[in-house]
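Asker: Below are the sequence and a predicted model for it; my questions follow.
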Amino acid sequence: MTQHKACDIIIFGGHGDLALRKLMPALYHLCLDGYLSGDTRIISVSRDEVSHEQHIDLIANKLKINLKEKDFDETFFNSFKENLHYVKINLTDTSTYQGLASLLQEHPERERINYLSTAPSLYGIICKSLHDYDLITGISRVVLEKPIGRDLISSRVINEEVAKYFDESAIFRIDHYLGKDTVQNIMALRFSNMLFAPIWNAQYIDHVQITVAESVGLEGRWAYYNDYGAMRDMIQNHLMQLLCLITMEPPCSLDGNSVRDEKLKVIRSLRTIEGDDLAIKTVRGQYGAGAIDKKAVLGFLEEEGGNANSHTETFAALRVDIDNWRWNNVPFYLRTGKRMSRRYSEIVIDFKGIPHSIFPNRGSCIESNKLVIRLQPDESISMFIMNKVPGLTDGMRLQKVKLDLNIPKNAPRSPDAYEHLLLDVVRNNPTLFMRRDEVEAAWIWADKILNGWEEQGVKNKNYPAGTDGPASAVAMIERDGRSWYDE
Ligand code: BG6
């Protein structure tokens, strides 16, 4: 373990939900585990009128809620609180940045990590203010949270604003899915095992399914979500990244540009979905009232802050094709939704059937092999293969068995995605962050679907909360003679 030298980490939006729920616990762990030097300063910026002591109390209380109970260590917190600083700024008023400037100028030699955990509309003014106060040094970086825009045009505006002040190499665009251990393990599985390499293509793979299902609703984020919906909130970024890791060519190394070049090629090879294909290859849905874990829950339109006329989709399912040599004619079925029956993220690689069966009944009992990668919760990797039913059976009888390729249970604590990503920013490693061309290419593809839905007036199909989405999503995959995997 290498400890990074002291740096200044400035969290804009420091009292916001993400900062308190994810960033602060991640920084706490990085300090506790010795990855960050004891002199590192974590400077929270917000417009709240609070004293230093009130800020420390707030952080302590939130850590107690957001860290797993056994992780909060009162003794350690007494030293961690020395790392914490607070500055009040009205982010839209450039004249209020002086307090931050004075604090940062105490250590002009330090690397500065500016984490913009705010609405993207503020990215421009924050970067400009940092520049006006001469706070952007050659070793400053900026971290941008998604969403980077809600379409290509707005994402370009945001990217342009930030690019006036930071070089692309200093911009770290977060997609927290890339920080998940299980997601990074996709690269390990593919590129450190010879076993899968020869069969990872259209010759052996029939199709792939990627599901990211959530049982939660909007949890107080109705206004934000209503502007974005499942396509912009999840598919354009998180599911797109999973698709890229599953399908990209082997990069020549793990360095930032090699991996991102390969992902970009995948995104550019995605077949556009437009015209009549929208009805065949896409489903959008919105949840109505239903029940989760036997408790009644409201529909999307009735949730707190909701607007009864919203047409935002809370579910999307797509059939995606990748027009390149490796994936010719292999469909990728993607689906994600809120208020589904349970929370799970899973990738299923469904291999082709055998070409000829020597077994009784023409092998009708032979199921295709499947590799199932469960990302969360209860991460696991399983392979389904056919096996002889043991013993003296009447003829050779076969059964499907599950091979577990699981991580031993005594593995060390799995760090949260933000721990991994924050440490990578500190270490200036951009591999797991999205490059501008990648984000924009993803928008070009997603915009076609979003605009098509708008132009054709494609309506949401209703699904009751607590189910697996609208029946049309089942029909979409069944039309191709396949079905959603359900263990
Ligand atoms: C966020 C989305 O990026 O990812 C949320 O904005 C979603 O709507 C969340 O709930 C899912 O993340 P995870 O890590 O819980 O799967």
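Answerer: Nice, I can see it. Residues are numbered from 1 along each chain as shown.

Asker: shaky segments in this protein?
Answerer: Low-confidence segments of the chain, defined by pLDDT under 70, span residues 69, 362-364, 407-411.

Asker: Check it for its longest helix and report it.
Answerer: Once the chain is assigned using DSSP state H, the helix that runs over the most residues is helix 436-456.

Asker: From the contact counts, what lies against it?
Answerer: Contacting helix 436-456 under the criterion 3 or more CB pairs under 8 Å, 6 or more residues apart in numbering; DSSP states H and E are the following elements: helix 152-163, strand 171-173, helix 256-269, helix 277-281, strand 282-288. The way it works is simple: take the backbone N, C-alpha and C, and place the C-beta from them, glycine included.

Asker: Now do the buried residues in that helix.
Answerer: 436-443, 445-450, 452-453 (16 or more other CB atoms under 10 Å).

Asker: Contact partners for the closest residue in space to residue 238 that isn't next to it in sequence?
Answerer: Computed as CB to CB, 6 or more residues apart in numbering, the closest residue to residue 238 that is not its neighbour in sequence is residue 177, at 4.4 Å. Under the criterion of CB atoms under 8 Å, 6 or more residues apart in numbering, the contact list for residue 177 reads 183, 237, 238, 241, 242, 417.

Asker: For residue 231, which of the helices and strands packed on helix 436-456 is the nearest?
Answerer: Comparing the helices and strands packed on helix 436-456 by their distance to residue 231 (CB to CB), the top pick is strand 282-288, with 7.5 Å.

Asker: Please enumerate the strands of the stretch 351-487 of the chain.
Answerer: Along the stretch 351-487 of the chain, the segments classed as strands by DSSP state E, counting those that start in this stretch run 370-376, 380-388, 398-404, 461-464.

Asker: contacts for the first one?
Answerer: Counting contacts by CB under 8 Å, 6+ apart, the residues outside strand 370-376 that touch it are 180, 182-183, 185-186, 189, 196, 242, 343-351, 380-384, 485, 487.

Asker: What angle do strand 380-388 and it make with each other?
Answerer: Per axes from the mean of the first three to the mean of the last three CA atoms, to 10 degrees, the angle that strand 370-376 makes with strand 380-388 is 160 degrees.

Asker: What distance do you get for residue 101 to residue 315?
Answerer: Here the criterion is CB to CB, to the nearest Å. By it, residue 101 lies 46 Å from residue 315.

Asker: who's more crowded, those two?
Answerer: In this view residue 101 and residue 315 are compared by other CB atoms under 10 Å, and residue 315 has more residues nearby, 31 against 15.

Asker: what about residue 208, neighbour count?
Answerer: The burial count assigned to residue 208 is 22, neighbours taken as other CB under 10 Å.

Asker: element containing it, please.
Answerer: Counting by DSSP states H and E, the element that carries residue 208 is strand 205-213.

Asker: just how off-centre is whichever helix or strand comes after that strand within its chain?
Answerer: Beyond strand 205-213 in the direction of the C-terminus, DSSP H and E gives the next helix or strand as helix 222-230. On the basis of CA atoms, centre = their mean, to the nearest Å, helix 222-230 sits 16 Å off its chain's mean C-alpha point.

Asker: can you list contacts of helix 222-230?
Answerer: Helix 222-230 is touched from outside by 147, 150, 218, 233, 284, 303-307, 310, 312-316, 336-338, with contacts defined as CB under 8 Å, 6+ apart.

Asker: Just the buried residues of these.
Answerer: Buried positions within the contacts of helix 222-230, assessed by neighbour count (16+ other CB under 10 Å), are 147, 150, 218, 233, 284, 303, 306, 310, 312-316, 336-338.

Asker: Looking at these, which is nearest residue 206?
Answerer: Here the nearest of those to residue 206, counting by CB to CB, is residue 336; it sits at 21.8 Å.

Asker: Mind listing the strands the helix or strand harbouring that closest one pairs with, and their directions?
Answerer: Following DSSP H and E, the helix or strand that holds residue 336 is strand 332-337. Using DSSP bridges, the strands paired with strand 332-337 in its sheet are strand 205-213 (parallel), strand 315-320 (antiparallel).

Asker: can you put those strands in a markdown table and add distance to residue 51?
Answerer: Listed next are those as a markdown table, based on distance: least, CB to CB, whole Å:
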| stretch | distance to residue 51 |
| --- | --- |
| strand 205-213 | 41 |
| strand 315-320 | 45 |
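
Asker: and among those, the most buried is which?
Answerer: Among the strands paired with strand 332-337, strand 315-320 has the highest mean neighbour count (mean count of other CB atoms under 10 Å), at a mean of 26.

Asker: quick check: angle from that one to strand 282-288?
Answerer: Angle, strand 315-320 to strand 282-288, by the same axes, to 10 degrees: 170 degrees.

Asker: and residue 153, how many residues sit next to it?
Answerer: Applying other CB under 10 Å, we find 10 other residues in the vicinity of residue 153.

Asker: One more: residue 76?
Answerer: 13.

Asker: That one reaches residue 29, doesn't it?
Answerer: No - between residue 76 and residue 29 there is no contact under CB atoms under 8 Å: 10.3 Å.

Asker: could you say which helix or strand contains residue 42?
Answerer: When secondary structure is defined by DSSP H and E, residue 42 falls within strand 41-46.

Asker: Name the nearest residue to residue 24, sequence neighbours excluded.
Answerer: Nearest residue to residue 24, sequence neighbours excluded (CB to CB, 6+ apart): residue 59, at 5.9 Å.

Asker: ok, now which ones touch the one you found?
Answerer: When contacts are taken as CB under 8 Å, 6+ apart, residue 59 is in contact with 20, 24, 44, 81, 84.

Asker: Specify which member of those residues is nearest to residue 279.
Answerer: When the contacts of residue 59 are compared for distance to residue 279 (CB to CB), residue 20 wins out at 43.1 Å.

Asker: Doesn't that closest one lie inside a helix?
Answerer: Yes - secondary structure of residue 20 (DSSP: H, G, I helix; E, B strand; the rest coil): part of a helix.

Asker: isn't it right next to residue 62, touching?
Answerer: Yes - the pair residue 20 and residue 62 qualifies as a contact (CB under 8 Å) at a distance of 4.3 Å.

Asker: The two: who's more crowded?
Answerer: Neighbours around residue 20 and residue 62, counted as other CB under 10 Å, are more numerous at residue 20. The numbers are 22 against 17.

Asker: Residue 313 versus the residue nearest to residue 238, what's the distance?
Answerer: The spacing between residue 177 and residue 313, counted by CB to CB, is 20 Å.

Asker: now do residue 209
Answerer: Residue 209 is 19 Å from residue 313, where distance means CB to CB.

Asker: do the same with residue 259
Answerer: Distance, residue 259 to residue 313, using CB to CB: 30 Å.

Asker: now do residue 266
Answerer: In this structure, residue 266 and residue 313 are separated by 24 Å, where distance is defined by CB to CB.
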